[in-house]
Each structure stands twice: as structure tokens, then as C-alpha cells.
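Novice: Structural data only, the sequence is not supplied:
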Ligand SMILES: [Zn+2]
Ligand SMILES: [Zn+2]
């Protein structure tokens, strides 16, 4: 019998498929700069995008009405909890693929 090395089945979640449904958007919290605008040090990385300047969001998405796309929690220097600082939130698709 030929031994077939079985590749691990991706049964739970297909990471590639998951990535296909996401989009890169500019981080609202740092406005794409990658630096925490309110960090203790100017070298602090943005906690939202981890210094990348962009964040990946699940599609479809829309501007977060809670922070109006600023990514900021109202009246504070914290990131918005609704969108986690991204400025956009995923919209639950009616279509279940
Ligand atoms: Zn950022
Ligand atoms: Zn928000």
C-alpha cells in the first residue's frame, strides 16, 4: 500500500478563504502613520494596527457610526471599542456563503 502523507485538512477554517473576504483599510486611529498618536513615547506603535498603518477588516464593512470613522473613543485617547480603532465595522452579510 502506498503511503500517502496526508496534508492536514483545513476543516475548521480556511485561512485563505477568510482572507479573501477581508480588505485592507487605513488605520483610523493613527491615520495610517503606524504610531500611537497618544502614546507615551513617539516611538510607540499604534495599538490598533501594530505599526503597520493598515488594518484588515472583514467585508462588507461600513464606517463606524459610533466614532464616525475616527477610531477614537469619544472624549478619550483610547481607541473606539466598537470598531477597535479601525474606524470601520464589519456588516453582517445577509448572504451566507
Ligand atoms: Zn494604527
Ligand atoms: Zn469606532
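Specialist: Received, thanks. All figures in this text were calculated on a predicted structure; none of them were measured in a lab. Ligands and ions are numbered 1, 2, ... in the order given.

Novice: List the contacts of the nearest residue to residue 70 once chain neighbours are set aside.
Specialist: Spatial nearest neighbour of residue 70, excluding adjacent residues (Cβ to Cβ, 6 or more residues apart in numbering): residue 28 at 5.9 Å. (Glycine included, C-beta is placed from N, CA and C.) Contacts for residue 28 (Cβ atoms under 8 Å, 6 or more residues apart in numbering) come out as 48, 67, 69, 70, 71, 72, 83, 85, 86, 87, 88.

Novice: The last one: how many residues sit nearby?
Specialist: In this case it means residue 88. 22 (other Cβ atoms under 10 Å).

Novice: just checking, the residue nearest to residue 70 is part of a strand?
Specialist: No: judged by DSSP: H, G, I helix; E, B strand; the rest coil, residue 28 forms no part of a strand; its state is coil.

Novice: want to throw the contacts of residue 28 into TSV with distance to residue 34, pLDDT and secondary structure?
Specialist: TSV is the format used below for those (distance: Cβ to Cβ, whole Å; pLDDT from 0 to 100; DSSP: H, G, I helix; E, B strand; the rest coil):
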residue	distance to residue 34	pLDDT	secondary structure
48	10	95	coil
67	19	95	coil
69	18	96	coil
70	17	95	coil
71	13	95	coil
72	16	93	strand
83	18	95	coil
85	13	95	coil
86	14	97	coil
87	15	97	coil
88	18	97	strand
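
Novice: so who does residue 34 touch?
Specialist: Listed by Cβ under 8 Å, 6+ apart, the contact partners of residue 34 are 27, 45, 46, 49, 51, 52, 53.
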